[in-house]
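Visitor: my questions are about this predicted structure, shown below with the sequence.
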Amino acid sequence: MPRLALSPEFPAELSALAPQVRRDAVTSVRRFLQNVSGAPHPERVRGARDDRIATLRLADRYRGVVVRQRDVYWLLTVLPDADAWSYAQRYRFGVNSVLGVVEVWDAAALGRVEPALRRAAGTCTTRLFADFCDTDLAALGIDHRFLPLLRQITDELTLEALEPLLPPTQYVPLAALARGESVAGAWRELDLCRAAEPVGSVPPAGSEPVRSALSAGLATPAASVTSAASAASITSMPSAGPAEPVVDPDDLAAALLRSPDRAVFVGGARELNHVLDSPGWCVFLHPPQHRLARGGPYDRPVLVTGGAGTGKTLIALHRAAHLARGGAGPVLLVTFSQGLISDLSAKLDLLIEDEVVRKRIEVGNVDRLAHRIVSEAEGRPPVLVGAAELTALWQEAESGHGPAFLLREWEQVILAQNLQTLEEYLAAPRPGRAVELSADQRADVWRSVGHVIGRLAERGKRTLLQLAAEAATLLGQFTGDLLEETEPRREPYRHIVVDEAQDLHPTQWRLLRAAAPYAPDDLFIVGDPHQRIFDTRVALGSVGIDASQRRLQVSYRLPQEILSWGVRLRGGGPADGLVAGVQELYGFRATRHGPRPMVRAYDSPEDELNGLVTHISQWLEDGVRPGEIGVAARTADLVREARAALRNSGVRATTLHGMKGLEFRRVAVIGVTDGIVPAPESLTPAGEDPAARAHDLQRERGLLYVACTRAHELLYVSYSGRASPFLPT
Ligand SMILES: Nc1ncnc2c1ncn2[C@@H]1O[C@H](COP(=O)(O)OP(=O)(O)OP(=O)(O)O)[C@@H](O)[C@H]1O
């Protein structure tokens, strides 16, 4: 029986075919898998660069292109006959000698550019890689067949121009060397392209240890398809020195298994259907995503940070699925809003076929969790206080400071540090609060807070943060020291996976920490401090979560043009929170190019709305579906006006806050006007607290950045009158 692996391009090409051709092609692939009569057989391709390449007739005038080795077939694409033959003649395939992953070379294009490269090199004496001998390059997995061409490269720009023609595992270490990295540094970058931690892997001499703080375990197979890298077999060289991984370049099956972004094995018709019917992200993970989602068990909590569109949510989904398959206990996947809960639940339904496994995962947010715990403990649902009522209470309690100041002090200093007594408050640091308070002033504030808490208690009402704090205390009582060792513990979840972690308050973190036992794989957290849209900045260490950190650098959503513009908009500067210290956007990059963001100035708000309608109509005429378009504005009024102007179009309009976690093909952000963004009413007056105002400004910037980074194809931004000061010039 043949062993069949599919590449991500195959389902994509297949779905673009006419229905009858598609049906015939699927039937042929099924027959091929079952090795029954009528199954297509491999036919050699004349002029192919790789003698393992063949075609399979899958439908009338359509062929699949395969790389085969013994009983292993890697089905790359399906194309009309002539295109299939030229595809087969264009590429060659290899195995990276260091990582053991498959590599696809655009050999025809490289052959075409070679004369030009040689000519350019003839007029120049410098060579980009002159300082590195062939042995250095071999240690970085550079294919020896590429060396003659590589030796002609004179500068970084030429190397960049070659990037689309090279496998990433060749380009990444070369780009690192070109940037001035040492061989060891380039090796570390290459090592990030692994989909699983190798057993017994050591870097070349002279490099620092690169083994992650995470476990070195290989991945567990997914339930339905044999996940690549799950059976990665990197053997250790039987030498006297430390174990070096040895890759067998002729073992295609092992290489495919190590390449979860390039191949997935399907064992039967059901698995074939699952791969063909699921979106690509369900099946093919990029190596760093695979390594994080399927790695472990992790003996400490894990925190994954990364810019917009780096796949954090996908990793969280795959991690939750992986943990649920492990079956150790219930999994909670935490996200931010009700809308995102439905979105993630629907994605989990797509990702997990097995109902029993799916039922092990609950998707929720912290408020819901707190509500449930307190309801169960008290026997009735808690009553929440409304914003207006709370403001009135702070006004009533005023002690020389306004309601906004007091609320911030309560939430960001007192609740954040769980301060229980005046003495604790007097001794507590007040990070992020610029206005100094004397001991007497603190005592006044404490009295005001006590007043509000007392009045709330009299009315039987609570804020969401109070609810979270109470729920954490209740869980602490269930699981605390008072229980006998033998008593079953009462944490409701075995694993918690947190998405959009940047906006959680310390009190909410305490609740989550209390909701899972201290055990391997307890907490897996993903977030981006640059996308924070609420005023919470917390280092996880300060709430008892000692997480090991991983960072993602590549955005798969954004074209480079939107990414670079967004980074300038965000300020590019560091952001604090989640980890101790600050996070930079440095190194954040995209994998593709697209149009530059369109920034349009209008004379009046009416003209601006007309401009929006014109652009959206054009997009719809271009064939973009309404559901693929997102419109956002800072204020609810502007959103209402946009909805009215776009009525019946089916296009979604929401606030900047509402864009969090979403993704659209095209995005229009309107009203990016001075006086609207940043929203004046959400800024603390500079005279009241300059540090709070600076934080407010950063938060408003973050909000605009979040909305603008939702587009994976096109971004349109407009304003009327004077532009928002946040817009890059
Ligand atoms: N393995 C993959 N296969 C297919 N598409 C992918 C993959 N990884 C990422 N993407 C693309 O990138 C998009 C962004 O992924 P995701 O929403 O998980 O990123 P994120 O880091 O959570 O983004 P943000 O922080 O901006 O909300 C996906 O919707 C998808 O279009």
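Guide: Now that the structure is in, tell me what you want to look at.

Visitor: helix or strand with the lowest mean pLDDT in this protein?
Guide: Every helix and strand of the chain was ranked by mean pLDDT, DSSP states H and E. The lowest is strand 235-236, at a mean of 32.

Visitor: walk me through the domains of this structure.
Guide: Domain ranges of the chain: 3-90, 107-280, 297-376+469-583, 386-462, 597-720, per automatic domain parsing.

Visitor: do the first one and the ligand meet at all?
Guide: No. Counting by Cβ under 6 Å from any ligand atom, the ligand is not contacted by domain 3-90; separation bottoms out at 7.5 Å. Where you see a C-beta, it was placed from the backbone N, CA and C, and this is true even at glycine.

Visitor: quick one: mean pLDDT for the host helix or strand of L76?
Guide: For L76, the host element (DSSP states H and E) is strand 72-80. For strand 72-80, the mean pLDDT works out to 97.

Visitor: dump that strand to CSV, restricted to CA.
Guide: Provided in CSV are the C-alpha atoms of strand 72-80 (Å, rounded to 0.1, in the frame of the first residue of the first chain):
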residue,chain,number,x,y,z
VAL,A,72,6.2,7.0,-0.1
TYR,A,73,4.4,9.6,-2.3
TRP,A,74,4.3,13.3,-1.5
LEU,A,75,1.4,14.8,-3.6
LEU,A,76,2.3,18.4,-4.3
THR,A,77,-0.4,19.8,-6.5
VAL,A,78,-3.0,19.1,-9.2
LEU,A,79,-2.8,21.0,-12.5
PRO,A,80,-3.9,20.8,-16.1
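
Visitor: helices of the stretch 151-300 of the chain, residue ranges please.
Guide: For the stretch 151-300 of the chain, the helices defined by DSSP state H, counting those that start in this stretch cover 156-162, 168-178, 183-191, 252-257, 269-277, 280-283, 287-294.

Visitor: for the ligand, which of the ones you listed is the nearest?
Guide: Nearest to the ligand, of all the helices of the stretch 151-300 of the chain, is helix 280-283, at 3.8 Å by Cβ to the nearest ligand atom.

Visitor: one step back: hmm, who's touching the strand holding L76?
Guide: Contacts to strand 72-80, defined as Cβ atoms under 8 Å, 6 or more residues apart in numbering, come from residues 2-7, 9-10, 13-14, 17, 25, 29, 32, 42, 56, 58-59, 61-68, 84, 87, 93, 102, 252-253, 256, 263.

Visitor: after it, which helix or strand is next?
Guide: The helix or strand immediately downstream of strand 72-80 is helix 81-90, counting by DSSP H and E.

Visitor: using CSV, list the CA coordinates for that following helix.
Guide: Extracted in CSV, the C-alpha atoms of helix 81-90 (Å, rounded to 0.1, in the frame of the first residue of the first chain):
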residue,chain,number,x,y,z
ASP,A,81,-1.5,18.4,-17.9
ALA,A,82,0.8,21.0,-19.5
ASP,A,83,1.1,23.0,-16.2
ALA,A,84,1.7,19.8,-14.3
TRP,A,85,4.6,18.9,-16.5
SER,A,86,6.2,22.3,-16.4
TYR,A,87,5.8,22.3,-12.6
ALA,A,88,7.5,19.0,-12.5
GLN,A,89,10.4,20.3,-14.6
ARG,A,90,10.7,23.5,-12.5
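
Visitor: orientation of that helix relative to strand 72-80 in degrees?
Guide: Inter-element angle recorded for helix 81-90 and strand 72-80: 130 degrees (by axes from the mean of the first three to the mean of the last three Cα atoms, to 10 degrees).

Visitor: buried sites along helix 81-90?
Guide: By neighbour count on 16 or more other Cβ atoms under 10 Å, the buried set for helix 81-90 is A84, W85, Y87, A88, Q89, R90.

Visitor: that one: what's the following helix or strand?
Guide: strand 92-95.

Visitor: any idea of the mean pLDDT for that next one?
Guide: For strand 92-95, the mean pLDDT works out to 94.

Visitor: residue boundaries of the helices in the stretch 401-550 of the chain?
Guide: Taking DSSP H, counting those that start in this stretch as the test, the helices found in the stretch 401-550 of the chain are 403-408, 422-427, 439-459, 464-479, 506-514.

Visitor: identify, from the buried residues of helix 81-90, the entry nearest to the ligand.
Guide: Ranked by distance to the ligand (Cβ to the nearest ligand atom), these are led by Y87 at 21.7 Å.

Visitor: helix, strand or coil for the closest residue to that closest one other than its chain neighbours?
Guide: Spatial nearest neighbour of Y87, excluding adjacent residues (Cβ to Cβ, 6 or more residues apart in numbering): V65 at 5.3 Å. Counting by DSSP: H, G, I helix; E, B strand; the rest coil, the backbone at V65 sits in strand.

Visitor: hang on, V65 packs against I53?
Guide: Yes. At 6.8 Å, V65 counts as touching I53 under the criterion of Cβ atoms under 8 Å.

Visitor: the two: which has the busier surroundings?
Guide: Neighbour totals were compared for V65 and I53, and V65 leads with 27 against 23 (other Cβ atoms under 10 Å).

Visitor: beta partners for that one?
Guide: T55, T77 (DSSP bridges).

Visitor: any idea how far V45 is from the ligand?
Guide: Counting by Cβ to the nearest ligand atom, to the nearest Å, the gap from V45 to the ligand is 29 Å.

Visitor: oh, and call the first residue 37 from now on, that's how I've got it
Guide: Shifting the count to begin at 37 puts that one at V81.

Visitor: kindly reformat the buried residues of helix 117-126 as TSV containing distance to R546.
Guide: Below are the buried residues of helix 117-126 laid out as TSV (distance: Cβ to Cβ, whole Å):
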residue	distance to R546
A120	59
W121	63
Y123	56
A124	59
Q125	62
R126	57
